[in-house]
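Asker: model the following, please.
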Amino acid sequence: MRSFFARGLQKFRYFVTKCGQIELFWRRQSDRVKESLEHFRNGGLRLKEKNYTPLIAVLTVVLVGIIAVLFFLPAYEGEVHFDVTILPLLNAIFNCFTFLALCIALAAILKKNVRMHRAFIGAAFTSTTLFLVSYVTYHYLTESTKYGGEGILRPIYFFVLLTHIVLAIVVVPLALMSVVRGLQMKVEKHRKIARWTMPIWLYVSFTGVVVYLMISPYY
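Answerer: Numbering: from 1, shown residues only. Below is the predicted model:
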């Protein structure tokens, strides 16, 4: 009889232990789901704690160096099977997309919508990357077009062009660093850089369209 009760008590303890393990398992799964949902709400991507400054510096130097070298290299002398003047138009379109994406990203973060903000910053980066590919391709295939305007428009054009070029160089490391800080969830550091990055990036993308509109009659 005692043996029967002992076995019953043992089975009961085993059952209670298993129930506890099952409950613990589901609690852990629930916590993981909550973490995943919170991660998804905040944009879904997070970089590891790492110093990306050297990489950003190298990327900036390489990118600016490639563009600078193109202005000193002779134009491509081979046969081109398409109208290269379509590329400056594409550049302007990509700049326009970048400007619009940045405006939406700015409006989203002002409304605390981090997910939408990240999505449109990603769109701005994609559009900017496509612009760089098109820009490098154009300047590799042909020489730069000279502005032929006169009067008051001439100094305005060169002022816009000069500020566009200088700030385009400045915004490269700023944009990369802003994105890295954002993906690392270093909110305060991200804000400190982004408050400079956003207006400069908006100016560069907007003036890119303005420069195209002013020089397009001379292609």
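Asker: now the helices for this protein?
Answerer: Assigned by DSSP state H, the helices in the chain fall at 2-41, 53-70, 86-110, 114-141, 153-183, 187-215.
Asker: would you single out the least confident of those?
Answerer: Lowest mean pLDDT within those: helix 2-41, at a mean of 52.
Asker: check the gap between the residue most central in space within the chain and Val171 for me.
Answerer: Centroid check for the chain by C-alpha atoms, centre = their mean gives Phe125 as the closest residue, at 3.5 Å. Separation of Phe125 from Val171 (C-beta to C-beta, to the nearest Å): 12 Å. For the C-beta atoms, the positions are set from N, CA and C on the backbone; glycine is no exception.
Asker: same thing with Met185?
Answerer: 23 Å.
Asker: who has more neighbours out of those two?
Answerer: Set side by side, Met185 and Val171 show unequal neighbour counts under other C-beta atoms under 10 Å, the larger going to Val171 at 22 against 14.
Asker: residues touching Lys146, list them.
Answerer: Lys146 makes contacts with Tyr218, as judged by C-beta atoms under 8 Å, 6 or more residues apart in numbering.
Asker: how about Trp201?
Answerer: If you count contacts by C-beta under 8 Å, 6+ apart, then Trp201 has 98, 102, 124, 171, 174-175 around it.
Asker: most neighbours of all those residues, which one?
Answerer: The most crowded member of these is Thr98, carrying 26 neighbours; neighbours defined as other C-beta under 10 Å.
Asker: tell me if I'm right that that residue and Thr128 touch.
Answerer: Yes: contact criterion C-beta atoms under 8 Å: Thr98 and Thr128 qualify, at 5.3 Å.
Asker: give the intersection of the neighbour lists for those two.
Answerer: Ser205.
Asker: wait, isn't Leu130 in contact with Asn95?
Answerer: No: with contact defined as C-beta under 8 Å, Leu130 and Asn95 do not form a contacting pair (10.2 Å).
Asker: neighbour count for the two, which is higher?
Answerer: Neighbour count, other C-beta under 10 Å: between Leu130 and Asn95, Asn95 has more, with 24 against 16.
Asker: what about Leu106, distance to Val170?
Answerer: Where Val170 is concerned, Leu106 sits at a distance of 19 Å (C-beta to C-beta).
Asker: residue contacts, Tyr157?
Answerer: So Tyr157 contacts 147, 149, 211, 214-215 (C-beta under 8 Å, 6+ apart).
Asker: Leu59: which of these is nearest?
Answerer: Val211 (24.1 Å; C-beta to C-beta).
Asker: which residue, other than its chain neighbours, is closest to Leu89?
Answerer: Tyr212 (7.3 Å; C-beta to C-beta, 6 or more residues apart in numbering).
Asker: now do Tyr76
Answerer: That would be Leu141: by C-beta to C-beta, 6+ apart, it lies 4.8 Å from Tyr76.
Asker: I'd assumed Ala105 was in contact with His117.
Answerer: Yes: between His117 and Ala105 there is a contact at 5.0 Å, judged by C-beta under 8 Å.
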